[in-house]
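# please work out how this folds:
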Amino acid sequence: MNIYVGNLSYNVRANELQEVLEQYGVVDFCKVIKDIDTGKSKGFAFIEMRDEVAGTKAIDELNGVEFDGRPIVIIDATPKSSEVTELEKAIHFVMLGKLYFSNHQYTSHSTSHSGKLTENGVSNYLKKEQDLFPQWY
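Here you go, the predicted model:
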């Protein structure tokens, strides 16, 4: 079960949060999200718990509880089927964009770069796409 934990104190470390959640069951993953540039916590985390019943109990009992001086928000972060579809579509368009730009000519800093967009390359890409996203075909 995927869990989102928000409103965390910026001092909370992943191992501290994991210890709290392990009181409810096995924690397979715990990550406090940090700013890329500063390395400081952004005040939220993602947890993955092995057992859905244990995860639900942790959510029910910990949501709103004060942790390191702040009331935490803890909710189920498992995507709904419609959210997965939207995510899949977003990935599709990103990958299609990468395919397009990696296979067309463009000019950058007075240097010409070129790639080849071949019928076979497009066919291979579309075949992989059909395997990944069968619900679209």
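# drop to CA atoms for contacts and neighbour counts, all remaining ones
OK.
# for Val32, give the beta-bridge partners.
Using DSSP bridges, the bridge partners assigned to Val32 are Ala45.
# show me the contacts for it.
With contact set as Cα atoms under 8 Å, 6 or more residues apart in numbering, Val32 has these partners: 13-14, 41-46.
# if you set the cut-off to 7 Å instead, what comes out?
Val32 makes contact with 13-14, 41, 44-46 under the criterion Cα atoms under 7 Å, 6 or more residues apart in numbering.
# out of the residues you listed, which is most surrounded?
Counting by other Cα atoms under 10 Å, Ala45 has the largest number of neighbours within these, with 22 neighbours.
# of the contacts of Val32, which is the nearest to Asn2?
In terms of Cα to Cα, no member of the contacts of Val32 lies closer to Asn2 than Phe46, at 7.1 Å.
# and that closest one, what does it touch?
Phe46 sits in contact with 3-5, 30-32, where contact means Cα under 7 Å, 6+ apart.
# setting aside sequence neighbours, what's the nearest residue to it?
Distances taken as Cα to Cα, 6 or more residues apart in numbering put Tyr4 closest to Phe46, at 4.8 Å, once the chain neighbours are dropped.
# and the closest residue to Gly25 other than its chain neighbours, helix, strand or coil?
Spatially, and ignoring its direct neighbours in sequence, Gly25 is nearest to Ala54 (5.5 Å; Cα to Cα, 6+ apart). Each residue gets one of three states, and Ala54 gets helix by DSSP: H, G, I helix; E, B strand; the rest coil.
# surely Ala54 is in contact with Tyr24?
Yes. Between Ala54 and Tyr24 a contact is recorded at 5.4 Å, counting by Cα atoms under 7 Å.
# walk me through the domains of this structure.
Described in terms of automatic domain parsing, the domain architecture of the chain consists of the residue ranges 2-76, 81-136.
# and the ones you listed, which one averages the lowest pLDDT?
Sorting these by mean pLDDT places domain 81-136 lowest, at a mean of 53.
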